[in-house]
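Novice: Here is a sequence together with a model predicted from it:
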Amino acid sequence: MSISVSNITKLYGAQKALNNVSFEVGSNEIVGFLGPNGAGKSTMMKILTCYIPPTRGSATVCGFDVSSKSLEVRKQIGYLPEHNPLYLDMYVKEFLEFVGNVYKIKNCRERVKEMINITGLDLEQNKKIGALSKGYRQRVGLAQAMIHDPKVLIMDEPTTGLDPNQLEEIRALIKSLGRQKTVMLSTHIMQEVEAICDKVIIINKGEIVANDATANLQKNTTKQIITVEFDKEVDKQTLLSIPGIESVTHVEKNTWQLSTSVKEDIRKEIFNFAVAKNLGVLTLNRVEQKMEDVFKEFTK
């Protein structure tokens with residue numbers, strides 16, 4: 001396992017930021033680490049990157065303990081924190097060379113050129129970081145996180161401030177990195193999770209509430225939504241009389257969305273209802289749950 005967390009608890013005075021958290025992340029896996037604001041995401045990431053110690057429990061990165069082997073852990077990790085710390089008075093190329101020299105990288109200038117090319121900083125490399133837009137500063141942060149070729153990348157809100165074109169490019173970059181490295185990222189953009197994450201870990205109020213493959217979480221949510229189009233008008237109260245239906249939303253004309261917590265496929269019940277009411281069914285589809293729905297279900 002690239003990352004192994006066992007019974008981690010973190011206290012800030014009387015406040016419990018993390019409560020007995022355990023999970024594992026395998027090699028060459030892209031994991032979305034999700035949760036509401038204040039759930040404990042950044043705290044967990046700071047523990048894994050050796051910025052702060054846990055109060056109780058243990059964690060290892062590439063087999064090195066974050067408490068007793070912190071220097072070895074830092075060699076294995078590339079970290080992009082939520083608030084990207086950069087030297088604003090330095091030039092982009094100068095800053096990346098500085099970071100490369102801190103890591104004692106051989107052929108540092110060649111590696112800097114490679115990072116500038118990968119992160120799309122070619123036209124900005126001779127500008128001061130303070131003159132860059134937020135999106136380009138984020139790219140500089142990504143470049144410094146990857147410059148020493150770490151085995152594990154931990155990124156807190158890596159696509160904050162990027163425009164749609166930059167978003168697409170950085171997502172593609174993260175996805176390609178996931179073929180060679182372990183990537184753990186936090187984000188509030190659920191489409192991003194659906195697009196690039198193999199697995200999702202959801203934390204809420206300091207505790208893990210979900211940990212599974214992205215597709216499994218979307219498939220196994222407790223709520224089921226069915227879209228149905230009839231050939232004639234039907235009122236909301238009549239639809240609510242279908243066994244198991246909990247809520248009804250009018251989409252357009254004779255099209256409705258029906259919601260239920262019943263795990264079994266309820267489309268047969270809807271069809272039987274239509275036959276009994278002399279209604280023709282034009283379409284009857286089960287809606288695949290979006291990651292946003294999964295997130296709400298586990299954190300509401």
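Specialist: Ah, there it is.

Novice: Outline the domain layout of this protein.
Specialist: Taking automatic domain parsing as the domain assignment, the ranges for the chain are 3-219, 224-299.

Novice: Could you look up the SS state of the most centrally placed residue in the chain?
Specialist: Centroid check for the chain by Cα atoms, centre = their mean gives residue 32 as the closest residue, at 3.1 Å. Under DSSP: H, G, I helix; E, B strand; the rest coil, residue 32 falls in the strand class.

Novice: That one touches residue 193, doesn't it?
Specialist: Yes. The criterion here is Cβ atoms under 8 Å, and residue 32 meets it with residue 193 at 4.2 Å. To be clear about C-beta, it is placed using only N, CA and C from the backbone, and glycine gets the same treatment.

Novice: ok, and the closest non-adjacent residue to residue 173?
Specialist: residue 118 (6.7 Å; Cβ to Cβ, 6 or more residues apart in numbering).

Novice: One more: residue 66?
Specialist: Using Cβ to Cβ, 6+ apart, the closest residue to residue 66 is residue 59 (4.8 Å).

Novice: how close does that neighbour get to residue 5?
Specialist: 5 Å (Cβ to Cβ, to the nearest Å).

Novice: Now the common contact residues for the two.
Specialist: Listed as contacting both residue 59 and residue 5 by Cβ atoms under 8 Å, 6 or more residues apart in numbering are residue 48.

Novice: buried ones in the helix or strand containing residue 94?
Specialist: For residue 94, the host element (DSSP states H and E) is helix 92-102. In terms of neighbour count (16 or more other Cβ atoms under 10 Å), helix 92-102 has its buried residues at 92-97, 99-100.

Novice: if we look at that helix, which residues are touching it?
Specialist: The contact list for helix 92-102 (Cβ under 8 Å, 6+ apart) reads 86-87, 90, 108-109, 111-112, 115-116, 121, 124-129, 132, 140, 143-144, 147-148.

Novice: can you list the residues that contact whatever helix or strand comes next after it?
Specialist: Under the assignment DSSP H and E, the closest C-terminal helix or strand after helix 92-102 is helix 108-118. Helix 108-118 is contacted from outside by 92-93, 96-97, 100-101, 105, 121-122, 125, 143, 146-147, 173, using Cβ under 8 Å, 6+ apart.

Novice: Which pair in those has the greatest spatial separation?
Specialist: Within the contacts of helix 108-118, two members stand farthest from each other by Cβ to Cβ: 101 and 173, at 23.9 Å.
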